[in-house]
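Peer 1: Requesting a structural model of the entry that follows:
(chains A, B and C)
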Amino acid sequence: MGNFVLSKLLDHGHDIRSLNLPRSAAPLHCMGVSAGYEQRRNEVYSWDGMQRGTAPFLVIQHTTLGEGRLDYAGTKHRLTPGKTMLVTMPHAHRYWLERGGEWEYFWLLLNGREALRLAREILDNAGPVLEPTTTQIDRLAAACLDLLQMPEPSPGLASTAAYAAMTSLHDTAFGSRPAPERTLPAGIARAVSHIEANISAPLPVERLAGIAEMSRAHFVRSFGAALGKAPSDYVLEKRLERVERLLLATEMPVAAIAEASGFADGNYMAKVLRRHRKMAPLEFRAAGRRASL
DNA sequence: ATATGCGACATCTGGTCTCG
DNA sequence: CGAGACCAGATGTCGCATAT
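Peer 2: Take a look at the predicted model:
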């Protein structure tokens, strides 16, 4: 009967660690910021989800002993051993230790768009309190231990640990059930289908926001929450997919492909392709042809 | 409580141009 | 056709205000 990694974490003893990583030139969207393993007893311990700034992040806290309390938008939960709490900030919730109580847990603090997107999906589906299987707990504990013990922290390693934690929670919340058809908010869905239908036309964010009937700032926020990436990134990906298809499936010249894919000219298209695929257009065409022989 | 709008900001990118 | 320098304008964010 497992929990091998969990016991290693318990052996590791109480500890807290914050990683102060430099801002990367190529941002990772699921990032571990800090982690810890602690015991609280007979003390005042309370966190309010509205009082922790406005920069969004999320906390995963898994109880190993004792009991914590969570008030999540009016619903009260008991956090007993084996239960994992997932909360995002800012949000109307509070978690605390009852007077005279005892609470032992390990926790991870993450940020990044993808981490928040996953958290939102999990919260929508399963709520803020999860009961992972033994294996899933071990995966969480391993991620926590990784963040605590990482000898030379780097954005990549911190992201790997954070992703491991989120995917464990994902499995807890969704298991192997088939995905329920994704329902995007109506405005975002309108914008997305407009993008797909008009990929060869200019698609400035301002106009997409108009189609979604939102302000530009709010549109970018909602789009990121729903799809895990910025609108311009999404558009660029769609354009690139089209460019690649046309390069491989047709003999169209570069300039024509650029126009058909929404790029102003072949020159710029080549620059983008090079940045994302490390290949010039005709090089990509040749390489693809070679690979399919 | 939550969703949305507003305006300012620093940063990034699309598009142009030159050259090989 | 492709690489690279350049920069106005576009983009993503933030803190805060307002609406539902």
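Peer 1: can we go C-alpha only for contacts and neighbour counts from here?
Peer 2: Noted.
Peer 1: So which residues on the stretch 51-200 of chain A come close to DNA strand B?
Peer 2: A:A73, A:H91, A:A92 (CA under 7 Å from any atom of the strand).
Peer 1: Check what pLDDT the closest residue to A:G224 other than its chain neighbours gets.
Peer 2: Once flanking residues are discounted, A:G224 sits nearest to A:A230: 5.3 Å by CA to CA, 6 or more residues apart in numbering. Looking at A:A230, its pLDDT reads 91.
Peer 1: ditto for A:R182
Peer 2: So, for A:R182, pLDDT stands at 62.
Peer 1: Next: A:S193.
Peer 2: Note on A:S193: pLDDT of 90.
Peer 1: Name the helix or strand for it, please.
Peer 2: helix A:186-197 (DSSP states H and E).
Peer 1: Could you do A:S232 as well?
Peer 2: Using DSSP H and E, A:S232 falls within helix A:231-249.
Peer 1: For that helix, C-alpha coordinates in PDB please.
Peer 2: Extracted C-alpha coordinates of helix A:231-249, given in PDB (Å, rounded to 0.1, in the frame of the first residue of the first chain):
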ATOM      1  CA  PRO A 231      -5.900  36.100 -28.800                       C
ATOM      2  CA  SER A 232      -3.000  37.100 -31.000                       C
ATOM      3  CA  ASP A 233      -1.200  33.900 -30.200                       C
ATOM      4  CA  TYR A 234      -4.200  31.900 -31.100                       C
ATOM      5  CA  VAL A 235      -4.600  33.700 -34.400                       C
ATOM      6  CA  LEU A 236      -0.900  33.300 -35.200                       C
ATOM      7  CA  GLU A 237      -1.100  29.600 -34.500                       C
ATOM      8  CA  LYS A 238      -4.000  29.200 -36.800                       C
ATOM      9  CA  ARG A 239      -2.200  31.100 -39.500                       C
ATOM     10  CA  LEU A 240       0.900  29.000 -39.200                       C
ATOM     11  CA  GLU A 241      -1.100  25.800 -39.400                       C
ATOM     12  CA  ARG A 242      -2.600  27.000 -42.600                       C
ATOM     13  CA  VAL A 243       0.800  28.000 -44.000                       C
ATOM     14  CA  GLU A 244       2.200  24.600 -43.300                       C
ATOM     15  CA  ARG A 245      -0.800  22.800 -44.900                       C
ATOM     16  CA  LEU A 246      -0.500  24.900 -48.000                       C
ATOM     17  CA  LEU A 247       3.300  24.500 -48.200                       C
ATOM     18  CA  LEU A 248       2.900  20.700 -48.100                       C
ATOM     19  CA  ALA A 249      -0.200  20.200 -50.000                       C
END
